[in-house]
Structures are given as C-alpha cells and as structure tokens.
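Chemist: quick one, structure for this:
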Amino acid sequence: MKKTLLVLGLALLFPALSPGWGYFGHRTIGQVAVYALPSAMQGFYFRHMSEIVKLITAPDERRESDPAEAPKHYIDMDHYGENPFGDMPKAWDKASAKYSADTLRKYGTVPWTVTEVKEQLTEAFKQRDTTAIIRLSADLGHYVSDAFVPLHTTENYDGQLTNQEGMHSLWESKLPERHIAEYKLDSDPGYYLKDPQGAIWQVVQSSYGFLGDTFDKEELVTRKFTPDTKYSYSHKFGKTRRAYSDAFADAYHKEVGGQVAYRLKQAPTMVASMWLTAWKDAGSPDLNALMAKKPTKEEKAALAAQLKTWNKNELVPEQQLIALQKEKAVERPDEIKSAEDAPATPAAFEAAPPAAPATPAAAPAAPEKVKVKTKGGDAPKQKEKIKKEKKADDGWN
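Modeler: Predicted coordinates:
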C-alpha cells in the first residue's frame, strides 16, 4: 500500500514523468507476452523471462537522465486537430515534412518509436546478438504497452486540464495493482504482422477512442464522493501530496475497470506479435542455438506448467505472476575494510563520556620500538619500522 501511495504521489508531483502502466503493469505484460509466443521462440524467451520482466521498466528509468526519452512513450493526438488520424501521415518522413520533426517530438513519438525499435530488434536477431535481443525485446515491450494506455494519447494526460489531476496513475497503476486478481490474463497468441507500422497506429487510435469514457466515468463517480472522501493525503519532507483514495479507486474501477482489464489483456498479444515479426523478418534464426546450453528437462517442465496455469487464468492465485513477487535482496559477501573506509563516528558518540570499566583496566601495553631512517635531499623521506611485541597465538594465525 505504501508503494502504491508513493507512486501516486510522485505522479501528482511530476505528472509529465508518470510512467505508462506503472512498473507492475509493464512487468505483467512482459511475462504474459512470453507465454503468447510460438514454441520456436518460447524456450529462449522463457529462459530470459525474469531478465526481460526486469528490463521492461528501463525506459521509464531512463527518463530521469535522458531528456530525449520522455516523448517516446506517448503521442498527443488531440494536438493535431479534430481529425488527427485522418490528417496525420503514418510514415515518419511524411509526418515530419508536414508538421516538422521538432513538433512531433514535442507532442510524442510512440508509434514511430515502436517501429524503430522493432527494426533494431530485427537486426539484433540477424546478428545473433543475444544481449541486444533481450534488451531490445524489453524496450519494444515497454513502448508497445504504453500505446495501449488512453492517457498516452492526449495533452490532458493526467486530467490536469479538466480538474482531474491524478487520472494517469489512477488508471494505469492503482486500478491494476488493486484488482489484478479480477483480470483475465490469458491473452491471445502472438501472430506475424504484415504491417507493423499500421498495427501500432491501430493500437493508438483504439486507445484514443477510450478517452471520453475514461474522463466521463471519473466525473460520474466524483458525484458520489466529497473532497474529503475522494482524496487521500500524505505528508513527507514538509510537502503534502494528494492522490485518489482507495474507496474512490474501487468505485471508479466498477465503472471503468473492464476497459483497463481489456487493454491489459490485449497488450501482451501485440508485444509478442512484434517480437515474432522481428524474428521472422530476420529469417527465423534458431534461438536454441543462441543459448549456452539447451533447455533442460526442468526448464521444459516449468514452462509447460506455467503455460497451463496461464491458459487457466490462474497466474495470480497460483502466485506465479512475477510482478506480485517480492524481489530478493542481493546477497553480498562479508567485507573487511580498512579504518579509512569506515564511516565517521557520530558526534553524539564522540561526545559521550567513556563508560566505567567493569573490571580494572589492563596494564598498558609495552611501548613500541620505532626506528626512523631519513634520506637527504630537498624533500626528505622517512621510513618507519615498527617492531611490536609478540602476541600469544589466538587461533587465527
């Protein structure tokens, strides 16, 4: 719950950086997309599934350090007039010639980003570059998933223009996180896309069509709440953050939850289809040959069991949805460091008087014998040889 409130608070504080689907949704889509692949690809992707699920949120993480990253996640179609899909050329060169590349980047490039990364993945398959295949598959999965979010197709991306601030995180993060057990995750299998560019534009247009319902249902539910019950507030670092309350989110989910579940179920199919198309366009290379070792019996059995669970829509009750599992803490070996690397002693401890010893203090150790040799020259150097008394054997020598 604390994690959810933190995500919502950050989305309200920095709405332009609010990530599509949130980490939870993206990771769910990435995992299900692996199950939606054909058998010729599944062995390779299943072995790297946990890595892909982890990397699929990397594009959102890059937004903090790369100013060119943010426009890749959305496209504000309402900026382009009353008939944006009729007026907007689908090819980048024609669209940039009509509106300018700067304008396109300002108002988002997600459909062109998808086709660009798909071509990069095709080349990675041709080069048999395993590392690039995994990384680009995760990136492609992220951008395709973002295109399924209605709020990624409008300038009013967070409801900030209609006094509905916080809509972005409410729709794509809080609803699926609270109600994932009610969703059907048995997505349709991926398929070859004859026109990947046309396919992703259809996704964007479909998302845009859901916008009216997305905002209208929020207004409908608002009538049943007072400001005190509609929002929850958190206080941290001297700042107050506002987010939709759990009660409001649950009421809103009754009105619009089917839409969220529908988009979440469709997204993995398109992600798998983009992966499949890139692989086919590269000549359908043998992915098993790219693995250091062939799939083991245990891996095959695990994949078969998960596919069965997925087909029965039981990933959540069987606790096999990775997004719901806590990440294991990284285990690090004990380290012995020098005193120079140790943190400074807090002033409170430095000022505290030494505690009285329970037993008489031991006799002072014998003084060390020090020999000092000095060499002449402009910058004399000294070498010290310290001769210590022998210690008794303590069992560590």
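
Chemist: switch to C-alpha atoms for all contacts and neighbour counts from now on
Modeler: Fine.

Chemist: residue 294 touches residue 287, doesn't it?
Modeler: No - taking contacts as CA atoms under 8 Å, residue 294 lies outside contact range of residue 287: 10.1 Å.

Chemist: would you mind telling me which of those two has more residues around it?
Modeler: residue 287 (17 against 12; other CA atoms under 10 Å).

Chemist: how close does the more buried one get to residue 175?
Modeler: 37 Å (CA to CA, to the nearest Å).

Chemist: repeat for residue 320
Modeler: With CA to CA as the criterion, residue 320 and residue 175 are 20 Å apart.

Chemist: any weak-confidence spans in the stretch 201-350 of the chain?
Modeler: 328-350 (pLDDT under 70).

Chemist: where do the helices sit along it?
Modeler: In the stretch 201-350 of the chain, the helices defined using DSSP state H, counting those that start in this stretch lie at 211-222, 227-230, 246-281, 297-311, 347-351.

Chemist: looking at those, which one is packed in the most?
Modeler: Sort those by mean neighbour count, taking mean count of other CA atoms under 10 Å, and helix 246-281 sits at the top with a mean of 21.

Chemist: so that one versus helix 211-222, what angle?
Modeler: 160 degrees (axes from the mean of the first three to the mean of the last three CA atoms, to 10 degrees).

Chemist: find the centremost residue of the chain, please.
Modeler: Most central in the chain under CA atoms, centre = their mean is residue 57, positioned 2.2 Å from the mean C-alpha point.

Chemist: do I have it right that it meets residue 27?
Modeler: Yes - the criterion here is CA under 8 Å, and residue 57 meets it with residue 27 at 7.4 Å.

Chemist: so how far is residue 177 from residue 114?
Modeler: Distance from residue 114 to residue 177, by CA to CA: 26 Å.

Chemist: who's more crowded, those two?
Modeler: Legend: neighbour count by other CA under 10 Å for residue 114 and residue 177, higher for residue 114 (27 against 19).

Chemist: that one touches residue 200, doesn't it?
Modeler: Yes - using CA under 8 Å, residue 114 is in contact with residue 200, at 7.5 Å.

Chemist: list the contacts for residue 57?
Modeler: 23, 26-27, 138-139, 142 (CA atoms under 8 Å, 6 or more residues apart in numbering).

Chemist: residue 320 and residue 175: which is more packed in?
Modeler: Between residue 320 and residue 175, counting by other CA under 10 Å, residue 175 is the more crowded of the two (22 against 14).

Chemist: doesn't the more buried one fall inside a helix?
Modeler: Yes - applying DSSP: H, G, I helix; E, B strand; the rest coil, one finds residue 175 inside a helix.

Chemist: would you mind measuring from it to residue 181?
Modeler: 11 Å.

Chemist: from the contact counts, what lies against the helix or strand hosting residue 131?
Modeler: Using DSSP states H and E, residue 131 falls within helix 130-146. Contacts defined by 3 or more CA pairs under 8 Å, 6 or more residues apart in numbering; DSSP states H and E place helix 130-146 against helix 22-35, helix 49-55, helix 58-62, helix 110-127, helix 246-281.

Chemist: reformat these into CSV and put distance to residue 325 next to each item.
Modeler: Converted to CSV, the helices and strands packed on helix 130-146 look like this (distance: least, CA to CA, whole Å):
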stretch, distance to residue 325
helix 22-35, 10
helix 49-55, 11
helix 58-62, 19
helix 110-127, 29
helix 246-281, 19
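
Chemist: between those, which one is closest to residue 84.
Modeler: Nearest to residue 84 among the helices and strands packed on helix 130-146 is helix 110-127 (13.9 Å), distances taken as CA to CA.

Chemist: and of the helices of the stretch 201-350 of the chain, who's closest to residue 196?
Modeler: helix 246-281 (7.2 Å).
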